[in-house]
Structure formats: C-alpha cells, structure tokens
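> sharing a model prediction with you, sequence too.
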Amino acid sequence: MIGQASSESTAPILAQTQTRVVMYGLGSMGSLVARMLDEHGAELVGAVARSPQKIGRDIGDVACLGKQLGVTVAKDIELVLADTRPDLVVMTIASYMEDMFEPAMACLVAGANVITLSEELMFSRRTSPDETELLDKAAREAGVTITGTGHQDGYWVNLVSVLMGTAHRIQRVVGKASWNVDDFGAELARDQQVGSSMTEFEQWLAGASRPPTFGRNALEQLAVVAGLSPRDASGETKPVIADADTECRALNTVVRKGSVLGFTDIDTLTTDEGVVLTIEMTGMVYGPDNADYNDWTIFGEPELNLRNEKVPTSWTTCATLVNRIPDVLSAPPGYVTLEALPQLRYRHPRRVSTDTTSVPSAEAFRGRTNGLR
C-alpha cells in the first residue's frame, strides 16, 4: 500500500510508484479524469459504473482513451476493491454526503485512499458532522486518507484566500460563478430542475428536502483556510428562466421558453471575526452567448477584485483533482481538508497526448459519457 508518501512528493509520483487506481464513476467527469491519470502514468486497475451501457466494456473505450487497457468496467465496488487492492479510489459519483457515505466507507475499510469530486466532502464537518466523524475514524484505522477537491479548491478557495492575503482589512467577500449544466451530465441537469415549469420548480423548492448547497461548504472551507472562524450560514435559491428555446445536450431535449434552465444558489456565511462571505452560484443550461466565469470582490481596505472569464470548469475540476493526488497520498490518515494540504500546484504529466485524432474534445466527452459522473 502506498498510503502516505513523503511530504516532498513531486509530480511524477503516480508514474514512479505505479499508483494503482480504481475509477468509481465513469461519466463525463470520471472519463476525463481517467484520461488525465493515464497521461500521468497511473495504473488504472479497476472501474465501477452503474450504467448498463458501460458495464462489461473496457475502460479505455468507455473513457474515450483511444486504446484499451484490459480493464473491464464492473458494477460492484466491493468486488473490485477485493480483486484489485488499489492504492487510491477516485470517486466522481455524487455531490452530497447522503449519496457518498456508504460507497466512501467501503473504500476506506478496504484500505484505499479516496479522493472525490463530492462538493460537500470538501468541507463536510459542519453540514454532516456525524458522517464525517465516522469516515475520519475509518480512514485513521485503515491508515488512509479521504479528501474532497475539484474546481472550488482552486477558484473559490486557493485563489480567493491568496487575494484576501493582500488586504489590510476585510468587511465582506462576494463571489459570483456560473457553470454549464451540459458539461456535467444528465444527473446534475435533473438536480438543477432543467426543463421544469415555474410551478413545478416552486413546488420542488417548497417541498424538497435539500442538503446544504455546496456553495456553503466552499465558503466554510475558504473561511478556515483564511484563518477565520465560521459562524452562521444562510441561503436562498432563485430559478433561471429561459427567454428562448434552448437545447440541453445533457438531457437530449429542448428547454422551452419560460421553463427552467437551472437555478442560482446564494449562500452567506458570517464569521466570529465579523467578515461576511457570500457566493452566488448559477448552474444552468447555456445558450450560445453564455460562458463560465469566476468573479470575487473583497470589500475592505483596499477593495480588490479577481475575475476569470470563460473558465472551462469541467476541465479545471478534473485537473485539480489529478494535481491534488500526490498531496492526498502524502497526507496523514483521516478526513483531511484543504487547510491541512499544501498550496495547490501544477503537476506535469509523464506524457501528453499530441494525436488529436485519438484524443476526444470536450464536446466528445460530453456527448459520449453523460451519466454517472
């Protein structure tokens, strides 16, 4: 078991140690991560998906790698763990603890480190404290680590905390971000209520037993990284309505004018120090003029602003996860959050694909791998 490597691990660690990786989830995100891992020299020894169209096929075919790896996609994670004994499981299956707890626990008990794109798992200590404590205990007992990462790690936590570090005094931090539902597959499109009428959306919002939005988890993680103490969290949700018929590739449908394209979650976190953090996060089906962006303003002395235009969120999400793997393998056992990890950094792949005929584009990934992330 590789487990916990030296804290001075460098980019080639995946190739140097032949890190044995199981992919848990092979939708649009998992497939892109698989390609990146292959280029970093990781040994993909197993894969799990729940789509009947993916089970029984070679992971290279499912993930659009342009080659076969001799690894068949299975449906039972426990059997795959027993057969492969991986060093690391990459989980791209769900956003929230409710769906993540049992699968993650199975991986930890089997002695595998876990890195996940679960937005809540990036900082779940306040939103799911009991489950987080149990995962932490299981990881410590097994001598492995579990960490959540993704786009928020870089763009909502690391970049913003560095910007905050250039201010003398801060009163309020306000972030605004947008992401395209079509980049993340059918499951998230349904979660964003794409295609609902206003009446259906209002009924869903009134009766839905929703977990805290992952904007809250990101704000709480940002506060801790910035040396602040989270206090009270609040939020509201507003629909985004189509002003014209809009194609949704993730659901293979057209969202009619007046229907819901997605929604905006507005999360606010107060701190013991008096600094207030807010993020407005919009997930919607894009029209031709829309693009991802990341915008943060710090109100204080001085006033500061950071804006990233046309951010390819799906790609930054996956690259961040891959670049975080050496940090996770080097971390102490347990549930480890970003304040306990080194600054996010670039890791140069062992090899980079140059044959554009065999390397799928972002559109190809979206079109061929929608489903379980």
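Great, that's in hand.
> dump stretch 110-118 to PDB, keeping only the CA atoms.
Provided in PDB are the C-alpha atoms of stretch 110-118 (Å, rounded to 0.1, in the frame of the first residue of the first chain):
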ATOM      1  CA  ALA A 110     -10.800  -1.800   2.100                       C
ATOM      2  CA  GLY A 111      -7.600   0.100   2.800                       C
ATOM      3  CA  ALA A 112      -7.800   2.500  -0.200                       C
ATOM      4  CA  ASN A 113      -7.100   6.300  -0.100                       C
ATOM      5  CA  VAL A 114     -10.100   8.300  -1.500                       C
ATOM      6  CA  ILE A 115     -10.100  11.500  -3.500                       C
ATOM      7  CA  THR A 116     -13.500  12.700  -4.600                       C
ATOM      8  CA  LEU A 117     -15.300  15.500  -6.500                       C
ATOM      9  CA  SER A 118     -18.100  15.400  -4.000                       C
END
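> the strands in the stretch 1-150 of the chain, which residues?
20-24, 43-48, 73-74, 88-91, 113-116, 145-148 (DSSP state E, counting those that start in this stretch).
> again, but for the stretch 251-373 of the chain
Secondary structure of the stretch 251-373 of the chain (DSSP E, counting those that start in this stretch): strands at 253-255, 260-271, 276-284, 293-301, 304-309, 334-335.
> deepest of those, which one?
Most buried of these, by mean neighbour count (mean count of other C-beta atoms under 10 Å): strand 334-335, with a mean of 24. In this view, the C-beta of every residue, glycine as well, is placed from N, C-alpha and C.
> who touches it?
Residues from elsewhere that reach strand 334-335 (C-beta atoms under 8 Å, 6 or more residues apart in numbering): 124, 132, 135-136, 139-140, 145-147.
> could you list the low-pLDDT ranges of this structure?
1-17, 352-373 (pLDDT under 70).
> in the longest helix that it contains, which residues are buried?
The residue-count maximum for a helix in the chain (DSSP state H) belongs to helix 313-330. The neighbour-count check on helix 313-330 (16 or more other C-beta atoms under 10 Å) flags 313-330 as buried.
> quick check, distance from it to the centre of its chain.
9 Å (C-alpha atoms, centre = their mean, to the nearest Å).
> tilt between it and strand 293-301?
70 degrees (axes from the mean of the first three to the mean of the last three C-alpha atoms, to 10 degrees).
> how many neighbours does Arg345 have?
Residues within reach of Arg345, counting by other C-beta atoms under 10 Å, total 12.
> which non-adjacent residue is nearest it?
The shortest distance from Arg345 to any non-neighbouring residue, by C-beta to C-beta, 6 or more residues apart in numbering, is to Asn323 (6.7 Å).
> OK, contacts around the one you found?
Shown in contact with Asn323 (C-beta under 8 Å, 6+ apart): 344-347.
> nearest to Glu43, of the residues you listed?
Nearest to Glu43 among these is Arg347, at 16.5 Å by C-beta to C-beta.
> where's Thr246 relative to Gly287, distance?
In this view, Thr246 and Gly287 are 5 Å apart by C-beta to C-beta, to the nearest Å.
> just Val33 next, same as before
Taking C-beta to C-beta as the measure, Val33 falls 28 Å from Gly287.
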